[in-house]
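**Student:** let me see the structure of the following:
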Amino acid sequence: MTLDRLFEHRIVRRTAILRKGLVFARQPVLEIQRLAVSPSDFATAPPIFVNSLPKSGTHLLLQITRAMPGTRYFGRFIATSPSLTQRERNPSALSRRVTKVMPSETLGAHLYYFPEVAKAFERINALHLFIYRDPRDVVISEARYLSEMNRWHRMHKYFRDLADDRARLGLALDGLDARYPEANARLLPYAGWIGKPGVVAIRYEDLIGPRQADEIARVVAAWQAHGGTTGGAEELVSRLRGAIDPAKSHTFREGGAGNWRNSMTEAQAETFSQRLAPSIAAYGYEV
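**Tutor:** Sure, this is the predicted structure:
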């Protein structure tokens, strides 16, 4: 069984320590292999970064990129603020991590916008996909995820110990401390990627809706423009759409768009939207 297939095993998908252990075990081998890579190798084998606003369909988009012909997946993930510590990495450290990936590798990321990191993507001819979602759905999803699913996240114990969902939503909005600040402070640092040259920005709502084929066609066109395998784009789009299976995502709980309104009165929804107004505007949604 190949490493990529091993990551697809049901037990591995649902067990964080196994996934992290596989990534850690493979790391020394990848570092040795990386020494033999030359800059020219990236010209015809571009890496694909699935960068995202957290809780915006990272693994959904990764299912698509992993189905691209010739891509390789090692389970690696680069985050500005890793979930275990929530300590923010500086742009130089993040840029070094970006430039150490392998040709044809596809991986996930939660990276704030930094010009230095953008230049690192350019140096390795990376295809940079940035997926985002209505901030209201993001905050609702994050509260549920941190309370029920990610036991390794620094914030899990705080969400878990609260009395009910309303209290958990309050924590997701208000934050806790400097490492987990209020919601707008957590969401806005990613918004700078939208509209930047070389970045394929994708709305989660479009990727799961009627525009799905068009959005995937944009990804295919950008990949080919970076030197990826050429061929029948229409056939490839169909293949990539067939690779989507939310049930195989270890972070998936409940998808959809506009679910943030569920269980809220009209007044509560208005207050919620006003609290997140800076982020809603930055990502181009309507209050």
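**Student:** show me where pLDDT drops low in this structure?
**Tutor:** 1-21, 23-24, 230, 247-256 (pLDDT under 70).
**Student:** export stretch 237-244 as CSV, just CAs?
**Tutor:** What follows is stretch 237-244, C-alpha atoms only, in CSV (Å, rounded to 0.1, in the frame of the first residue of the first chain):
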residue,chain,number,x,y,z
VAL,A,237,-12.6,18.4,-14.6
SER,A,238,-15.0,15.5,-14.6
ARG,A,239,-12.4,13.3,-13.0
LEU,A,240,-11.7,15.8,-10.3
ARG,A,241,-15.4,16.3,-9.5
GLY,A,242,-15.7,12.6,-9.0
ALA,A,243,-12.9,12.7,-6.4
ILE,A,244,-15.0,14.8,-4.0
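**Student:** for it, buried residues please.
**Tutor:** Within stretch 237-244, the residues that count as buried by 16 or more other CB atoms under 10 Å are Val237, Arg239, Leu240, Ala243, Ile244. The C-beta positions use only the backbone N, C-alpha and C, and glycine is treated the same way.
**Student:** now do stretch 134-154
**Tutor:** Here stretch 134-154 shows 134-147, 150, 153-154 as buried, counting by 16+ other CB under 10 Å.
**Student:** before we move on, what about stretch 156-173?
**Tutor:** Buried residues in stretch 156-173 (16+ other CB under 10 Å): His156, Tyr158, Phe159, Arg168, Leu169, Leu171, Ala172, Leu173.
**Student:** show me the contacts for the last one.
**Tutor:** Spelled out, it's Leu173. Under the criterion of CB atoms under 8 Å, 6 or more residues apart in numbering, the neighbours of Leu173 are Val139, Glu182, Ala183, Phe272, Arg275, Leu276.
**Student:** any idea how far it is from Leu276?
**Tutor:** As judged by CB to CB, to the nearest Å, Leu173 and Leu276 stand 8 Å apart.
**Student:** cool, the first one as well?
**Tutor:** Separation of His156 from Leu276 (CB to CB): 23 Å.
**Student:** what's the answer for the fourth one, then?
**Tutor:** Taking CB to CB as the criterion, Arg168 is separated from Leu276 by 16 Å.
**Student:** doesn't Ala109 fall inside a strand?
**Tutor:** Yes: assessed with DSSP: H, G, I helix; E, B strand; the rest coil, Ala109 lies in a strand.
**Student:** run a quick neighbour tally on it.
**Tutor:** Using other CB atoms under 10 Å, Ala109 has 21 other residues around it.
**Student:** the stretch 1-150 of the chain: strands as residue ranges?
**Tutor:** 48-52, 77-79, 106-110, 127-132 (DSSP state E, counting those that start in this stretch).
**Student:** residue boundaries of the helices in the stretch 51-200 of the chain?
**Tutor:** 58-66, 91-99, 115-123, 135-148, 156-160, 165-174, 183-187 (DSSP state H, counting those that start in this stretch).
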